[in-house]
Every structure is written in C-alpha cells, then in structure tokens.
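*Asks:* The amino acid sequence is not available; the structure is as follows:
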C-alpha cells in the first residue's frame, strides 16, 4: 500500500515538474532575447536618435500585441480603455527605459550596460514595497545583495579604485535612470490594472508610448533620414520589436504561469552571461577575467533565487 501511495505521489509530481522545466526553458530564452538588445543595440546606437528608434519599435510591437490580444482573447474592449491616462503613465515609463538605454549605449559597452540592468530587481523590490506594500523575504534580499554587488563590480570594470571613487561611465549613468523607470513599471502595471488581460495592457501601453514619443520626439523623428538609414538599423529595429518585445513578452507570460515570481525575476541575473555569449558570437572580445568575477556573482544570485522553496509559490 505504501509503495502504491509513493508511486502515486511521484506520478502526480511529474506534470508539475515538466511544467516547471518548460517555464525555466522559457525564461532562459527570455533572458537570451533581452541580452541581444544590448549587443545589437550598441551597433546602431549612433546611427539613429533614441526617440526615432523607439517610436517605430513601439508601433510595431504594439501592432503585434494587438493582434495577439484578438487572436488569443476577446481583443480590446471599451472597458479596457477606461481611464486612458493609465496607459500614458505606463507607456511613459516604458519609453523612458528604452530611450535612456539607447542613449547610454552610445558610450557604454554591452556587458557593463547589462550589469546595470541586473540592478532592476533590487529597485523593483523597493518600488513594490512603496506602491504595493510588498515585503522581500530574507533569502531574496540576500540574492539581491549578491547580484547587486556583482553588477557593481562589472559596471566598474573590476577596478576597485574606480569602484571606491564611484567613477561610473556616462553611458552607464544614463542607462541607470532608464532602469529606474523599468523597475517602476512592473509594480505600476499591477497598481493601475483593472482586470485587463496582459496582452491588452501591453498593447495599450505601447500605444501610450507611441503618443508620448510622437509629441516629445517629433523633431528628432522628422529630422531622421529614414530612407538613408543603414540596413542594420532596420534589422535591429525588427529584432527589438519582434523578439526583444513581443517574443520575450510571450515567454515571460508563459513562464509566469508555471514558476513562482521570485524564480521568474531570478533570470534577470543571467543577462550579463548571455551578453558575453552574444559578444563572442558577434566576433567581439570577451571581458577581462576580473569582470567575469562580477558576472559569476550575478549567476550565484540566480542560483539562490532558483533554489527550491515551496513558500515562494
């Protein structure tokens, strides 16, 4: 009898384990797609203004998310657009992140920039406490501290003197404020949500971003020689819209249904490692060994957050 009960428990766990594995694979893909934004973005950062790049990227992504909203749900209904100011707030945060990211990539290298991105979970925890009264567990706080230390080590290029002097690069400093906007986005989405589906919220958020970028960046957009842009700008723009936005969104939503939120967030710390892989694949040199120490610390933060903990579910 005991053996049968044990076999029954194992059989019951198998679907859960398969679902969890699928979620982990989805988040590994998510972090790889996001990492591509850094390595590819730096190749066109000086070819087009950040606002002129972000506006069509949001337009394309918004169209894709609208199509997904109608394909996998009831579409965008009248009740979804109640209080449209919400989507201007969300779109403003989203647009600020990408505009400042590409402004920063004009001078920042991809690996240090991706390390700045790994500070986002710690900042998101602060915004979550402020906006939603969410409390961070001790284990998560430890992981955030280790990941933050690793990120700072990479940002300062493994130079202790630069770290103590707080000699941060201009590009990294600019991108940091973009990450502040990104960190505020997730808790703000939850705070402003009134029952709208994720695809609907994202589509309308993109619409809000396009409106704001169209107003704030009208001069830059009009001054852009669209016909004279190098082909790489269009390819990277399509990558950002299709894979780094719509594709990563799909993988994130897929994983969120199968993993605890702490484990989903953990994959942010994998981004610098993926960026190094992108850099090597694109024929660029890998970072020096001292910088790799910081990357290893971010990987350790990932492992801490991925540790099995049923209370995180």
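*Replies:* Cool, got the structure. The structure presented is a predicted model; accordingly, all values stated were derived computationally and were not measured.
*Asks:* number of nearby residues for residue 151?
*Replies:* 29 (other C-beta atoms under 10 Å). The C-beta positions use only the backbone N, C-alpha and C, and glycine is treated the same way.
*Asks:* so it is in which element?
*Replies:* Using DSSP states H and E, the element containing residue 151 is helix 138-155.
*Asks:* Report the mean confidence score over that helix.
*Replies:* Helix 138-155 comes out with an average pLDDT of 76.
*Asks:* cool, stretch 245-256 as well?
*Replies:* Averaging pLDDT residue by residue across stretch 245-256 gives 79.
*Asks:* And that stretch, how far out from the chain middle?
*Replies:* Stretch 245-256 sits 10 Å away from the centroid of its parent chain (C-alpha atoms, centre = their mean, to the nearest Å).
*Asks:* Residues in contact with it: which ones?
*Replies:* Stretch 245-256 is contacted by residues 22-24, 26-27, 29-30, 33-34, 57, 61, 64-65, 68, 198, 202, 264 when judged by C-beta atoms under 8 Å, 6 or more residues apart in numbering.
*Asks:* Could you pull out the helices in the stretch 101-250 of the chain for me?
*Replies:* Here the stretch 101-250 of the chain has its helices, by DSSP state H, counting those that start in this stretch, at 110-117, 120-132, 138-155, 160-164, 170-192, 198-216, 218-223, 231-238, 248-256.
*Asks:* which stretch among these comes nearest residue 294?
*Replies:* Residue 294 sits nearest to helix 138-155 of all the helices of the stretch 101-250 of the chain, at 3.2 Å, using C-beta to C-beta.
*Asks:* by contact count, what packs against the closest one?
*Replies:* Judged by 3 or more C-beta pairs under 8 Å, 6 or more residues apart in numbering; DSSP states H and E, helix 138-155 is in contact with helix 110-117, helix 120-132, helix 289-306.
*Asks:* Tell me which of these lies nearest to residue 242.
*Replies:* helix 110-117 (20.0 Å).
*Asks:* now what about the closest one, what contacts it?
*Replies:* The contact list for helix 110-117 (C-beta under 8 Å, 6+ apart) reads 34-35, 38-39, 41-42, 101, 104-105, 108, 150-152, 154-155, 157, 169, 171-172, 175-176, 179, 182, 268, 271-272, 274-276, 278-279, 287, 291, 294-295, 298.
*Asks:* And those residues, which of them are buried?
*Replies:* The neighbour-count test (16 or more other C-beta atoms under 10 Å) marks 34-35, 38-39, 41-42, 101, 104-105, 108, 150-152, 154-155, 157, 169, 171-172, 175-176, 179, 182, 268, 271-272, 274-276, 278-279, 287, 291, 294-295, 298 as buried among the contacts of helix 110-117.
*Asks:* follow-up on the earlier one: just say which of the helices and strands packed on helix 138-155 is most tucked in.
*Replies:* helix 110-117 (a mean of 28; mean count of other C-beta atoms under 10 Å).
*Asks:* got the angle for that one vs helix 138-155?
*Replies:* Angle of helix 110-117 versus helix 138-155, following axes from the mean of the first three to the mean of the last three C-alpha atoms, to 10 degrees, is 150 degrees.
*Asks:* pLDDT weak spots in the stretch 51-200 of the chain?
*Replies:* Applying pLDDT under 70 to the stretch 51-200 of the chain flags residues 132-136, 155, 157-167.
*Asks:* Can you give me every residue that contacts residue 32?
*Replies:* Residue 32 touches 274, 277, counting by C-beta under 8 Å, 6+ apart.
*Asks:* ugh, typo on my part, it should be residue 279
*Replies:* If you count contacts by C-beta under 8 Å, 6+ apart, residue 279 has them with 39, 110-111, 285-287.
*Asks:* ok, now with 6 Å
*Replies:* By C-beta atoms under 6 Å, 6 or more residues apart in numbering, the residues touching residue 279 are residue 39.
*Asks:* Quick check: the gap between it and residue 116.
*Replies:* As judged by C-beta to C-beta, to the nearest Å, residue 279 and residue 116 stand 16 Å apart.
*Asks:* what does residue 142 give?
*Replies:* According to C-beta to C-beta, residue 142 stands 21 Å off from residue 116.
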